[in-house]
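Trainee: Kindly generate the corresponding structure for this input.
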Amino acid sequence: MAPADHGWAELLAMGLTFDCAGLAPGPTAPQPAPGTLLGLLAAPAGEVITLAAGPHLDDAPGMQPVVRVLAGIGARLCTLPGVLSAVWRPAHAWMTPVYFQKVVGKWLAGGPFPALGLTTLERDSDGSIYTRGLALMTGQELRFAPDARLGAADFARIAVRLIHALIEIEPLALPHQFTGPDGEVIDVAPMPDARWLRVTVRR
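Mentor: All right, here's what the predicted structure looks like:
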């Protein structure tokens, strides 16, 4: 463990180590970038502490076991008095501590992956919808072709279905078909930049 005045501590959980920085009496960590608000009306101002996988996990920060333990520690930290929000940086998601505890707790108890929290949906200038944060675990993000027939809730339902499927398989190298929550045929294909998967919904 580092000296207290460094504002840093090493946490050990399930045989893995994580770095917690921004602790008093050391300097606070930098403020996270603005992002999607979940249960918050605005991003609260306050001192920032960060939690990240330790150096020995540099080659595996997105492996499910690592992400699960990291999220679990974060959920425990959210129970401390005075916590104003939890921020999942890969998704630029700002959440109430209660929301983060709830969705992570359900996941760790065997429930669904918290797609609306550990990932988010953003709208690009051309009208397409894309995910943010999925690449941490799969190396790829989704990009939906603009479709005036689909509303925000439709995109969200389909994205959640795809995210749940994709985190359980290898990154897609070839086009693949999925079935949507309402029986839609969903075509998912790698784009020239293999980091992106183009999603087209057929009804």
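
Trainee: Kindly give the local confidence score, pLDDT, for the residue nearest the centre of the chain.
Mentor: Nearest to the mean C-alpha position of the chain, counting by Cα atoms, centre = their mean, stands Leu118 at 2.2 Å. If you check Leu118, the pLDDT there is 97.

Trainee: Then Pro3?
Mentor: 52.

Trainee: bridging residues for the closest residue in space to the residue nearest to the centre of the chain that isn't next to it in sequence?
Mentor: Nearest residue to Leu118, sequence neighbours excluded (Cβ to Cβ, 6 or more residues apart in numbering): Trp88, at 5.5 Å. Any C-beta I mention is one placed from the backbone N, CA and C, and that applies to glycine too. According to DSSP bridges, the partner residues bridging Trp88 are Ala93.

Trainee: I'd say Trp88 and Met95 touch.
Mentor: Yes. The pair Trp88 / Met95 is scored as a contact, 7.2 Å apart, by Cβ atoms under 8 Å.

Trainee: Touching both of the two, which residues are there?
Mentor: Common contacts of Trp88 and Met95 (Cβ atoms under 8 Å, 6 or more residues apart in numbering): Gly117.

Trainee: can you pull the contacts of the residue nearest to the centre of the chain?
Mentor: Taking Cβ under 8 Å, 6+ apart, one finds 67, 71, 88, 90-91, 93, 103, 133, 136 in contact with Leu118.

Trainee: Go through the residues you listed and flag which are in strands.
Mentor: Mapping the contacts of Leu118 onto strands (DSSP state E) picks out 88, 93.

Trainee: Show me the two of the contacts of Leu118 that sit farthest apart.
Mentor: Val103 and Leu136 (15.8 Å; Cβ to Cβ).
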